[in-house]
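S.K.: Give me coordinates for this.
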Amino acid sequence: MSWISTAITVDHKLDSFDCGKLELNGWLCGMALQSEQRWTSRTYVWVTESDPTVRAYYAIAPTTVLRDVDGLSQALSSGMSSVPAFLLAKFALDQSLHGQGLGEQLLVDAVTKMMGAAQTSGGRLIVVDAIDEAAASFYARYGFKPVQKTPNRLVMKMATALSAFGVTSGR
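M.R.: Okay, here's the model as predicted:
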């Protein structure tokens, strides 16, 4: 199946989405469009050309990581006390798509969008706040590193993402 990755709109069908996590289902249906309208995050969804039913989504937002609060290493912070970053705020795949390797494709899609934003506006890190240990393990498989002081928070340098995900730099 060919998925179209696009910004969420009121035309997308959200109500049948079920990733197995009530918090993520509820956020998509109740907050994604509001966050879009308030400019607090951007949500991207996967649909097909013939069906506007959302089958996967992620939300990204600019953020700042505080070196001392999170316990970032010198290598990750580059000596800065406040590190510009992008947060992968939400990330979910409908249960009907689980076990097909599509989580990796969705992650590449999200990282690609964040890399594009970083090339335009800067940003040293990609940050994820994993919803649980299983999600943290998923991100760790792709090279995200846990921070010392914030449970289930993982980070990756943008430079690492370039090579890890095969995203090409426009620099």
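
S.K.: C-alpha from now on. contacts and neighbour counts both.
M.R.: Noted.

S.K.: can you give me the strands in this protein?
M.R.: 4-7, 42-48, 51-66, 82-93, 125-129, 145-146, 153-157 (DSSP state E).

S.K.: quick one, which of these is packed in tightest?
M.R.: Mean neighbour count (mean count of other Cα atoms under 10 Å) peaks for strand 125-129 among these, with a mean of 25.

S.K.: what's it in contact with?
M.R.: 76, 83-89, 111, 114, 152-158 (Cα atoms under 8 Å, 6 or more residues apart in numbering).

S.K.: before we move on, back to that, take the strands of the chain and write them to a markdown table, including distance to residue 24 and mean pLDDT.
M.R.: As requested, these are exported to a markdown table (distance: least, Cα to Cα, whole Å; pLDDT from 0 to 100):
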| stretch | distance to residue 24 | mean pLDDT |
| --- | --- | --- |
| strand 4-7 | 17 | 96 |
| strand 42-48 | 12 | 97 |
| strand 51-66 | 10 | 95 |
| strand 82-93 | 7 | 94 |
| strand 125-129 | 13 | 95 |
| strand 145-146 | 22 | 93 |
| strand 153-157 | 17 | 93 |
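
S.K.: Out of the ones you listed, which is closest to residue 15?
M.R.: Evaluated over the strands of the chain, closeness to residue 15 peaks at strand 51-66, with 8.4 Å, by Cα to Cα.

S.K.: How far away from the center of its chain is that closest one?
M.R.: Offset of strand 51-66 from its chain centre (Cα atoms, centre = their mean, to the nearest Å): 5 Å.

S.K.: Could you check the angle that strand makes with strand 82-93?
M.R.: 150 degrees (axes from the mean of the first three to the mean of the last three Cα atoms, to 10 degrees).
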